[in-house]
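**Student:** Could you work out the structure for the sequence below:
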Amino acid sequence: MVRDPEQASLFPSSARVVVGDPSDPEVLHDALDGVVGVVLTQGTYRDADAERVNYRPVKAVLDALQAPARIALMTTLGVTKPTTGHDWKRRAERLVRASGLPYTIVRPGWFDYNEPDQHHLVLLQGDRRWAGSPDDGVISRAQIAQVLVAALTSDAADHKTFELVAEKGNAPADLDPLFAALAPDTALDGPYDRDNLALADEPAAVISDLAALRGRF
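**Tutor:** Numbers count the residues shown, from 1 in each chain. Now for the predicted structure:
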């Protein structure tokens with residue numbers, strides 16, 4: 001599913017592409033018909049659009065699903081560093097964790113700043129890299145896609161949240177050992193995340209969204 005009609009041409013002819021607003025229930029009903037896995041990669045750098053782009057589509061997908069599906073959500077490395085955009089991404093993460101669905105949340109580093117020999121994937125937890133620059137870690141879009149798609153069918157990746165960067169070295173032959181080494185999620189936030197977005201201080205609408213999703217699946 002894409003928002004921009006021009007992006008539809010980027011997909012092979014064998015792919016069914018739905019063009020529309022990812023928070024529109026009617027569009028989602030068509031896009032989600034019969035799916036068993038959903039990968040969410042939407043995002044914006046504009047604070048004014050943060051709730052609409054970083055949060056609302058995730059809520060809309062979870063609301064629109066008529067049967068359980070595996071979720072792979074991409075947010076960002078540094079998501080626990082308070083900013084308007086990060087906070088809405090973090091709220092989207094919490095919705096996924098509260099949904100009762102199987103899921104994986106991937107927080108990639110800076111896109112496509114890789115050197116040609118940076119193929120070794122490193123999965124981190126706790127979101128401790130807050131420089132706000134490629135010094136935090138880099139990753140290619142192709143590597144992100146590989147991890148998101150692999151997570152959809154990996155039992156070892158279920159209920160896991162992690163930061164994803166690439167370093168110098170060879171690509172892993174198998175991602176499952178990397179997933180298996182991670183601590184599972186046991187609360188609304190990822191393992192070892194900073195406790196700096198108190199639920200008690202959240203907007204009433206966000207708390208209501210969480211309550212409505214708990215136990216839905």
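**Student:** tell me the secondary structure for the spatially closest residue to residue 24 that is not a sequence neighbour?
**Tutor:** Spatial nearest neighbour of residue 24, excluding adjacent residues (C-beta to C-beta, 6 or more residues apart in numbering): residue 60 at 7.5 Å. (C-beta placed from N, C-alpha, C; glycine too.) Taking DSSP: H, G, I helix; E, B strand; the rest coil as the rule, one finds residue 60 in the helix state.
**Student:** Isn't residue 60 up against residue 27?
**Tutor:** No - assessed by C-beta atoms under 8 Å, residue 60 is found out of contact with residue 27, at 9.1 Å.
**Student:** Can you tell me what sits against the longest helix anywhere in the chain?
**Tutor:** Looking across the chain with DSSP state H, the single longest helix is helix 84-98. Helix 84-98 is contacted by residues 43-47, 50-51, 54-55, 58-59, 62, 71, 73, 75-76, 78-80, 103, 105, 159, 161, 185, 187-190, 197, 202, 206, 209-210, 213-214 when judged by C-beta atoms under 8 Å, 6 or more residues apart in numbering.
**Student:** In contact with the residue nearest to residue 140 when sequence neighbours are not counted, which residues are there?
**Tutor:** Nearest non-adjacent residue to residue 140, counting by C-beta to C-beta, 6+ apart: residue 114, 5.0 Å away. Shown in contact with residue 114 (C-beta under 8 Å, 6+ apart): 138-140, 143, 166.
**Student:** Could you dump those into TSV and include pLDDT and secondary structure?
**Tutor:** Shown next, in TSV, are the contacts of residue 114 (pLDDT from 0 to 100; DSSP: H, G, I helix; E, B strand; the rest coil):
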residue	pLDDT	secondary structure
138	98	strand
139	98	strand
140	98	coil
143	98	helix
166	98	strand
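**Student:** The residue nearest to residue 140 and residue 127, how far apart?
**Tutor:** 21 Å (C-beta to C-beta, to the nearest Å).
**Student:** Likewise for residue 107?
**Tutor:** According to C-beta to C-beta, residue 107 stands 7 Å off from residue 127.
**Student:** The residue nearest to residue 140 sits in which helix or strand?
**Tutor:** Using DSSP states H and E, residue 114 sits in no helix or strand.
**Student:** quick one, what contacts residue 118?
**Tutor:** The contact partners of residue 118, by C-beta under 8 Å, 6+ apart, come to 138, 166-169.
**Student:** Which among those count as buried?
**Tutor:** Buried by 16 or more other C-beta atoms under 10 Å: 138, 166, out of those.
**Student:** In CSV, list the contacts of residue 118 along with distance to residue 92.
**Tutor:** What follows is the contacts of residue 118, written out as CSV (distance: C-beta to C-beta, whole Å):
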residue, distance to residue 92
138, 23
166, 24
167, 28
168, 32
169, 32
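**Student:** still on that earlier bit, how about the longest helix of the chain, which residues are buried there?
**Tutor:** Within helix 84-98, the residues that count as buried by 16+ other C-beta under 10 Å are 85-98.
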